[in-house]
Structure formats: structure tokens, C-alpha cells
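In: with the input below, show me the fold.
(2 chains)
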Amino acid sequence: MANTKPTASKAVQDYEATPVMVTPYNGVEMKHTVDDAVRKLFTTDFAYKENTRHSDFRLILGYSACAFAAAGALYSYKVPFPDCRPLLAVCVVAYFILNSLMMFYTQYVEKDIIFVGTKSDRLGVDSPTTLTIRSQTPRFSPSYTLTFEIEQSPYPHAKTGKPSSSKGAKTLDLKRNFGDYFDVDGKFSAEALAEDVVRVVGRDGASFVKSQ
Amino acid sequence: MDVLNTLKRMSIRQIAQQALNFCLIVSSALMIWKGLSVVTNSESPIVVVLSESMEPAFQRGDLLFLTLGREPISVGEICVFKIEGKDVPIVHRVIELHNDAKTGEQFILTKGDNNPVDDRGLYQPGQMWIKREHVIGRVKGFLPYLGIVTIILNDYPQVKIAMLVLLGIMVLVNREE
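Out: Modelled structure (predicted):
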């Protein structure tokens, strides 16, 4: 029976307007769908501003590698072998170095992070909250774990300008299965996800307001 | 279509990432090829045998691995060379070799094992020898039959285009781990 209670979440309304269907049992697709929905939730409803530095760095490294590849290919097309060999060698080496750097960054620095964002206090009193969300799905397993690392940076004391008390850093978990968010046909329920997320991080997405 | 919906949901960065994945596949293949070329010092490090002129040593569809060292070419070596004005490289054996006493330049005559006459009929009109600069590599190794795919792709270019289009669509729409 359809849920007739009007939802205040813009993101959920969006998903209900254009529902997302995935191939059932396709773990990769499901992870991407839920990750995307989490991102949407935090940017539209919880008013976080996304920090895209991981994605940007990956894109810069990747496209620079491709630029070297294209340059090398074009150069070896214009200047015939063997005259082109030295510069071509430089392009090939540069390509593989940049490509390896990009893969290293994705694997060891970015790891399982799906979202990094900051949220400034509406009243402008408290210092902004930074949030890092990670999601893990073990291979061939239906479990989906979200980890929220929330930190509110210490705000400077009014007179001395030195950092005052820090509200602290908190790490919160949400362990679910894909079966909680997808039905048998593969339809994604953004509402179920929104409920779970709000229960863990609070109505404002920063979780310092609600007391444990 | 489902593909369009998937693309509409993605942000600019995600679309850029998908395009990048496609470019990386193409560039990796390209750079591996060019890298091999640099290492073997040969413009075309791997060639496919297209004719039966070297039977029984090489059949149509065999893959040949080439290098081009600095040592002088010797009689009996199988070389891949290009005649000026002709696109397709030829894989034949060196049967006669003369060195210019003063410059040390090599004059090479080639013949396919399975051909009744030497290659003078293939050279440019008036050309009696080929020189070192025409040689793009010497055969150092071979793998039988693997080049059949290239021959099919060359004979039926629609197959090549169809494969590339399919690959492009698959990579753009499927987001990997």
C-alpha cells in the first residue's frame, strides 16, 4: 500500500517522481544507486556543500595521462620512426606514471569515501560541520555499511581568537542489507534510506543536536 | 531508453569520469602498443602475415614479433620492409646481400619462400635493391593463427565499427567498482 504520508524530503520526492530500477542482485549497480541517493540526501535536504577534491584530483590525473597519450600518438604520427622515439618514450613513461598515480590515489587515498561535505550553521554562530561518508559492500554479499565521520571544528573564542572547545568528532555506523532498500523487482526506495539515515545522523544531518 | 535515464541521473563529474574510463581504455591500448614500439625500436612491433608467400614457414594469420637492432642484416634473415609508395609491409627472406666498400651501406635482395621469383617485381620500377632504411624490423618470434582476428576485421570493416560502438556504449553506461 502506498505511503500516503507527505514527506518533507525533497530528495525522496525526487526519487518518487522518477523511480530508479536496477538489475536485481547486481551488487555494483545497487551500491552505486544507494551511494548516489545518500549524496543527494545530504546535498539537498541536509544542506551540505559537497567538497569534490577527491573526484577532481582523480579526473585531473586521469585526463593528464590521456593528454600525454594523445600527444605521443599524434607526435609519432607526424614524425616517422625512428626520429620520434625519444619524445615518444617520454610520453609513454609519463602516461604510465600518471595512470599509476591515479590508481594509487583511488585505491589508497580515496578508498571507500563516497561523500565529503561541509555544512555551515544556519545562524552563523557555530563553526561548520565537516562530514565524510564511506560505504562498504563486501563482494558477493548483500550487506551495505555506511560510516559517517562527523566533525565540528572548534570555533575561535570571541576575544582571544584562539580555538575554543571542539564539539568533537563522531563516527556513526549504519549497517543494512540491500534488501532493505530494493524490492524484488529492483525498485529503489529512497524513503527507506532517508528514514535510516535520519535515525542515525539526526534531522539536521549533523547529529550533534540530538542527545544520545 | 534506460541508457538515457542513467545518464540523466549522473552529475557532470560522474559523466566526466565515465568518459575518462573510456579514454583510459583506448589510451592504455595505444600506449602499450607505442611502448612496445619504443622498446623494440621497430615502427610496427607486431604484424600479421597476410599472404601465403612465406609458406610453409608462415601461414596467413600468423602473428610476427619484430625488433630492429643496430647489427647489420644477414642473409637468411626474415625481414619486414616497406616499399616506397606502397602501404603494406612485406615479410620475406633476405637472399642476397652486398655491402658498399666505402660507405658500408647494405644492398638487399629479398624473396618469399613460396614465390617462384625474387622480389624485384615488387620493388619500384627500376629499383633493384632495397636498403636498410626500408626495413622496419626483423622477425624474432611468431605466434600461429592469432592474427586471424585482424584479417577478419580488415576484410569486414563493419565488424570493426560494430565492435567499437558496442565497447563504447558498454563502458559509458556501466559504472565500475
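In: ok, longest helix in the chain?
Out: Here I'm looking at chain A. helix A:53-78 (DSSP state H).
In: look at chain B instead
Out: Per DSSP H, chain B has its longest helix at helix B:12-40.
In: where in the chain is pLDDT low?
Out: In the absence of a named chain, chain A is used. For chain A, the stretches flagged by pLDDT under 70 are A:1-7, A:122-126, A:153-168, A:205, A:207-212.
In: right idea, wrong chain: chain B
Out: Flagging of chain B using pLDDT under 70 yields the residue ranges B:1-6, B:175-177.
In: just the helices in chain A please.
Out: Secondary structure of chain A (DSSP H): helices at A:10-17, A:27-40, A:53-78, A:85-104, A:190-201.
In: spell out the residue ranges of the helices in chain B.
Out: B:2-9, B:12-40, B:148-155, B:157-173.
In: out of those helices, nearest to A:L101?
Out: helix B:12-40 (12.9 Å; CB to CB). C-betas here are computed from N, CA, C, even on glycine.
In: packing partners for the closest one?
Out: helix A:53-78, helix A:85-104, strand B:63-67, helix B:157-173 (3 or more CB pairs under 8 Å, 6 or more residues apart in numbering or on different chains; DSSP states H and E).
In: before we move on, back to that, out of the helices of chain B, which gets nearest to B:K82?
Out: Of the helices of chain B, nearest to B:K82 by CB to CB is helix B:12-40, at 14.9 Å.
In: hmm, back to that, so can I have a markdown table of the helices of chain A showing distance to chain B?
Out: Shown next, in a markdown table, are the helices of chain A (distance: least, CB to the nearest CB, whole Å):
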| stretch | distance to chain B |
| --- | --- |
| helix A:10-17 | 10 |
| helix A:27-40 | 5 |
| helix A:53-78 | 4 |
| helix A:85-104 | 5 |
| helix A:190-201 | 12 |
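In: buried deepest among the ones you listed, which one?
Out: Of the helices of chain A, the one with the most neighbours on average (mean count of other CB atoms under 10 Å in any protein chain shown) is helix A:27-40, at a mean of 21.
In: mind listing residues that contact it?
Out: A:11, A:14-15, A:20, A:22-23, A:50, A:114-115, A:133, A:135, A:137, A:139-142, A:144, A:146, A:178, A:181-182, A:188, A:190, A:193, A:197, B:9, B:175-177 (CB atoms under 8 Å, 6 or more residues apart in numbering or on different chains).
In: coming back round to it: of all the helices and strands packed on helix B:12-40, which one comes closest to B:G126?
Out: With CB to CB as the measure, strand B:63-67 is the member of the helices and strands packed on helix B:12-40 nearest B:G126 (28.1 Å).
In: can you list contacts of that closest one?
Out: Taking CB under 8 Å, 6+ apart as the rule, strand B:63-67 contacts B:40-42, B:44-49, B:58, B:80, B:91, B:136-144, B:146-147.
In: swap in stretch B:91-98?
Out: So stretch B:91-98 is contacted by B:47, B:49, B:53-54, B:58, B:64, B:73-81, B:106-113, B:115, B:118-119, B:129, B:139 (CB under 8 Å, 6+ apart).
In: show the contacting residues for the most centrally placed residue in chain B.
Out: In chain B, the residue lying closest to the centroid (CA atoms, centre = their mean) is B:V47, at 3.7 Å. Contacts for B:V47 were tallied using CB under 8 Å, 6+ apart; they are B:63-64, B:66, B:80, B:89, B:91, B:137.
In: ditto for A:N177
Out: Going by CB under 8 Å, 6+ apart, the list of residues near A:N177 reads A:142-144.
In: apply 10 Å and report the result again.
Out: Counting by CB atoms under 10 Å, 6 or more residues apart in numbering or on different chains, A:N177 touches A:137, A:141-145.
In: buried ones among those?
Out: Neighbour-count burial within the contacts of A:N177 applies to A:137, A:144; the criterion is 16 or more other CB atoms under 10 Å in any protein chain shown.
In: how about the contacts of A:N177, which pair is most distant?
Out: Maximum distance among the contacts of A:N177 (CB to CB): 11.4 Å, for A:P142 and A:T145.
In: mind checking which of the contacts of strand B:63-67 land in strands?
Out: Among the contacts of strand B:63-67, the members found in strands (DSSP state E) are B:46-48, B:80, B:91, B:136-143.
In: tell me what the closest residue to A:Q136 other than its chain neighbours is bridged to.
Out: Using CB to CB, 6 or more residues apart in numbering or on different chains and skipping the chain neighbours, the partner closest in space to A:Q136 is A:T145 (4.7 Å). Beta bridges link A:T145 to A:Q136, A:K175, judged by DSSP bridges.
In: distance-wise, check A:T145 relative to A:T33.
Out: 16 Å (CB to CB, to the nearest Å).
In: now render the helices of chain A as CSV, adding distance to B:Q158.
Out: Below are those laid out as CSV (distance: least, CB to CB, whole Å):
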stretch, distance to B:Q158
helix A:10-17, 41
helix A:27-40, 31
helix A:53-78, 25
helix A:85-104, 31
helix A:190-201, 44
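In: what number of residues lie near A:V22?
Out: Neighbourhood size, A:V22 [other CB atoms under 10 Å in any protein chain shown]: 20.
In: isn't it right next to A:G186, touching?
Out: Yes: look at A:V22 against A:G186 with CB atoms under 10 Å: they come within range, at 4.6 Å.
In: nearest to A:A206, out of the helices and strands packed on helix B:12-40?
Out: Proximity to A:A206, assessed across the helices and strands packed on helix B:12-40 by CB to CB, is greatest for helix A:53-78 (20.6 Å).
In: which strands or helices does that closest one pack on?
Out: Secondary-structure packing of helix A:53-78 (3 or more CB pairs under 10 Å, 6 or more residues apart in numbering or on different chains; DSSP states H and E): helix A:85-104, strand A:113-119, helix B:12-40.
In: from the chain's centroid, how far away is the longest one?
Out: Helix B:12-40 sits 19 Å away from the centroid of its parent chain (CA atoms, centre = their mean, to the nearest Å).
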